[in-house]
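In: Output the structure for:
(2 chains)
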Amino acid sequence: MGTVLLLAAVQFFHDTSAVIAEREPPRNFFTVNKRVEGGALANLGKNDEGFSPEEITAIDTRPEVQGVGVFKRNRFPVEIHIWPAGKVGLGEAAKADVFFETVPDEFIDAKPDGWDWNESSTHVPLIIPKFYLDLWNFGFAPTRVEYPALSSKAALGIPIEIFLGKRRDASQNGRFVAFSRRINSILVPASFLEWANANYAQPDVTGYWFLWLEGAVDGPPRTREQLLTILAANASATAEFSPLNDPAARRPLTALLQEEEKAPAPARLIVRVDEAPTEALLSFLSEQGYEINRELPEHDLLNDASKWAFSIVGAIGLLLSLLSVATFSASYRLVVTRAATPVRDLLHLGFSHRTVTTAFIHRFLKLFGVVFAASLLFTWLLKIALQGQAQSYELSVPSGLSLVTLVAAVLYAGSFVAVNVAVIRDAVRKLG
Amino acid sequence: MKIELQQVLPEPIPEKALNASRVWGSALVLDSGKRHLVSGVSGRGKSTLLHVIYGIRKDFKGQLLIDDKDSSAFTEEDWTHLRSRQVALLFQDLRLFPNLTARENMELLPVRDEAALSTETMAERLGVAEYLEKPCGILSQGQRQRMSLIRTLSRSFETLLLDEPFSHLDDENTRKAWNLIEEELKRRHAGLVLSSLDEVSDFAIDHKWKL
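Out: As a prediction, this is how the structure comes out:
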């Protein structure tokens, strides 16, 4: 019993450590964004959370930084419907407003084959964080009967409807194609994002201009496209345009042709460093008012919780094992003592202590062997049972007992046998 | 083998026994191949003497020398070797394993003297052959005494220690037993220390001591 608990604790501690280590996001990648301060009202209409090219270069030229990737975002509303039952229209769909981002391919850890999209593709490939799947399985699914838990394999197959634009102007079919442990975002191929942005983008504040005709603002703010149409139709020399927030910066409408269409500044960067980010880099980023997103705190909690649980189970197992060593050796001393008369007679007949002790040890080893084998078998069965459970949650646990457990078992058995052999030897010697 | 007792004095022994004894507290040599009789009434330490020689009792003053070596320096292994090959003792309380048959008892020996008569022959001569397959626990005291004697005679020894071996035997059986003992002693040129309540006169004995 004690042996089983002890071995099981060692085994499962080892397994969970492995699982947790595997899920720990890699430390040599992290994302950076500007700190958002104030409430929603204060930030409405603000558009300064992006990184300017100079700021990106400043990070990129730091000595410990190996590369900086820019997140590009959709500029249109996206809504997705996930059909976990496996068929569109079957059962309940989970609906969510989401966003899409792209990063350069070399920053994607889980890039699958066929990570591409063109207008004739049947579906849009999506990469979501593995963490989202965990949220689904451990968060949503247990609370909603209509949402089944999904293994990552099952999740790859489920159909997703993607609605683009403010009034669901277009829809696409989507599929999860991979789960990333590195990037905490919903990724789509760059080609899809470019296409969708070109077709469904809503201009943000900087995409609108005032049109000035004969020194006065004419009508509502207009987009660049609208201004270009006006310019092409009626090339009035007096027509001017200005940014919404700076009427003084009026320029002739023809100057708009020279002005490049300004791409929105990226709000998030992904940074690659050698190992973990250095203290110097971290303080540089914090001085600039940037936030980094490196670890998901839930992992630490889980880690701590499981460590505690297994420590307690292990401690109980150890205690029971020590008790069993004590009782076993005490009872074996009793066995020898009860056989005191025949043992003494055998010694007096000229049998050596070694011979008599060996006879007892053989009997003890036989008994202990059976108990020990049963413990190992039981631990193994327990492991198989829990492995099934773990697999239904899509935790990859190596099958069989780990080397660490076997070493622990051998050490335990060795000390158990050593203690008992010493006890038997001592008991026989006292009789002789 | 030569066994010497020098001023050996076991711890709990009455004053009276000590004074009357020619054994305790004096120098005594048991020459190899000789036959010694130790007689005396109960409580004088006959068994104690045999147990001292056999190495079971070590709580005595003085020295026990075996082949000129001081026994107090003997290790457990030395004693094991002596008991398995050189000295055999027939205990007064026989020390048979009651749940084993007589034959199993005789087979349970560390070293058997292959030259000795077979178990069957000895049992035949002592009249207990029919009880060989019976558990010792159900045999009579006299039968068990003969079984234990056969077991002792099967052992390998240079000195044979017999502690009141005839106490439960009638004269006829005692004579048969003595003949067998003599035969086995001669075969091995072995010495004998025999303890008895009375002075037995009809056995060929070299030295007689009264305790």
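In: mind checking how far stretch A:160-179 is from the chain centre?
Out: 24 Å (Cα atoms, centre = their mean, to the nearest Å).
In: Any buried residues in it, and which?
Out: For stretch A:160-179, the neighbour count (16 or more other Cβ atoms under 10 Å in any protein chain shown) marks A:160-165, A:172, A:174, A:176-179 as buried. C-beta here means a position set from N, CA and C on the backbone, and glycine is covered the same way.
In: any idea which of those is closest to chain B?
Out: The closest of the buried residues of stretch A:160-179 to chain B turns out to be residue A:179 (Cβ to the nearest Cβ; 70.0 Å).
In: where does that closest one land in three-state SS?
Out: strand (DSSP: H, G, I helix; E, B strand; the rest coil).
In: and it, what is it in contact with?
Out: Residue A:179 sits next to A:110, A:127-130, A:132-133, A:152, A:155 when contact means Cβ atoms under 8 Å, 6 or more residues apart in numbering or on different chains.
In: can you rerun that using 10 Å?
Out: A:109-110, A:112, A:127-134, A:152, A:155-156, A:394 (Cβ atoms under 10 Å, 6 or more residues apart in numbering or on different chains).
In: same thing with residue A:242?
Out: Per Cβ under 10 Å, 6+ apart, neighbours of residue A:242: A:209-212, A:217, A:248-251.
In: hmm, which two among those are most spread apart?
Out: Using Cβ to Cβ, the two most remote members of the contacts of residue A:242 are A:211 and A:248, lying 15.6 Å apart.
In: Looking at the two, which is more packed in?
Out: Of the pair residue A:211 and residue A:248, residue A:211 is the one with more neighbours under other Cβ atoms under 10 Å in any protein chain shown, namely 20 against 6.
In: Quick check on the contacts of residue A:242: which are buried?
Out: Buried, going by 16+ other Cβ under 10 Å: A:209-212, out of those.
In: Show the subsequent helix or strand relative to the helix or strand hosting residue B:179.
Out: Per DSSP states H and E, residue B:179 falls inside helix B:171-188. Elements were assigned by DSSP H and E; along the chain past helix B:171-188, the next helix or strand is strand B:191-196.
In: name the helices or strands packed onto that next one?
Out: Applying 3 or more Cβ pairs under 10 Å, 6 or more residues apart in numbering or on different chains; DSSP states H and E, we find strand B:191-196 packed against strand B:27-30, strand B:35-39, helix B:46-54, strand B:87-90, strand B:159-163, helix B:171-188, strand B:207-210.
In: What is the third one packed up against?
Out: Put plainly, it is helix B:46-54. Applying 3+ Cβ pairs under 10 Å, 6+ apart, we find helix B:46-54 packed against strand B:3-10, strand B:35-39, strand B:60-66, strand B:87-90, strand B:159-163, strand B:191-196.
In: angle of it against strand B:191-196?
Out: 160 degrees (axes from the mean of the first three to the mean of the last three Cα atoms, to 10 degrees).
In: How about the residues of the stretch 301-432 of chain A by chain B?
Out: Residues of the stretch 301-432 of chain A lying close to chain B by Cβ under 10 Å from any Cβ of the partner chain are A:341-342, A:344-355, A:429, A:432.
In: So what touches whichever helix or strand residue A:95 is part of?
Out: Residue A:95 is part of strand A:94-98, with elements assigned from DSSP H and E. Strand A:94-98 is contacted by residues A:74, A:77-84, A:126, A:128, A:136, A:140-141, A:144, A:146-147, A:158, A:160-163, A:185-186 when judged by Cβ under 10 Å, 6+ apart.
In: Pull out the buried residues from that strand.
Out: Neighbour-count burial for strand A:94-98 [16+ other Cβ under 10 Å]: residue A:94.
In: gap between it and the chain center?
Out: Worked out by Cα atoms, centre = their mean, strand A:94-98 lies 20 Å from the chain centre.
In: Over to stretch A:348-355?
Out: Centroid separation between stretch A:348-355 and its chain, computed with Cα atoms, centre = their mean, is 66 Å.
In: Pull up the distance across it, start to finish.
Out: 13 Å (Cα to Cα, to the nearest Å).
In: Same question for stretch A:68-86.
Out: Using Cα to Cα, one end of stretch A:68-86 lies 38 Å from the other.
In: Among the contacts of strand A:94-98, name the buried ones.
Out: The buried subset of those - by 16+ other Cβ under 10 Å - is A:74, A:77-78, A:80-84, A:126, A:128, A:136, A:141, A:147, A:158, A:160-163, A:185-186.
In: thinking again about what came up before, mean neighbour count, the helices and strands packed on strand B:191-196: which tops it?
Out: The densest packing among those, expressed as mean neighbour count by mean count of other Cβ atoms under 10 Å in any protein chain shown, is seen in strand B:87-90 with a mean of 26.
In: how close does residue A:322 sit to chain B?
Out: Residue A:322 sits 32 Å away from chain B, going by Cβ to the nearest Cβ, to the nearest Å.
In: how far away is that residue from residue A:328?
Out: For residue A:322, the distance to residue A:328 equals 11 Å [Cβ to Cβ, to the nearest Å].
In: And residue A:161, by the same measure?
Out: 65 Å.
In: go on, residue A:215?
Out: To residue A:328, residue A:215 is 103 Å away according to Cβ to Cβ.
In: Would you mind telling me which of these two has more residues around it?
Out: residue A:328 (18 against 8).
In: Sticking with that one, tell me its helix or strand.
Out: helix A:297-338.
In: what distance separates that helix from the centre of its chain?
Out: 32 Å.
In: what's the average pLDDT for that helix?
Out: Averaging pLDDT along helix A:297-338 gives 75.
In: Could you name the helices and strands sitting against it?
Out: helix A:2-23, helix A:130-135, helix A:353-392, helix A:403-431.
In: measure stretch B:151-166 end to end?
Out: 15 Å.
In: Residue B:4 is in contact with residue B:32, correct?
Out: No - look at residue B:32 against residue B:4 with Cβ atoms under 10 Å: they stay out of range, at 11.4 Å.
In: I'd like the next helix or strand past the strand holding residue A:95.
Out: Following strand A:94-98 toward the C-terminus (DSSP H and E): strand A:101-102.
In: what does that following strand contact?
Out: With Cβ under 10 Å, 6+ apart as the test, strand A:101-102 has contacts from A:69-74, A:108, A:127, A:183-194, A:266-268, A:270.
In: quick one: which of these sit in helices?
Out: Secondary structure from DSSP state H places A:190-194 of the contacts of strand A:101-102 in helices.
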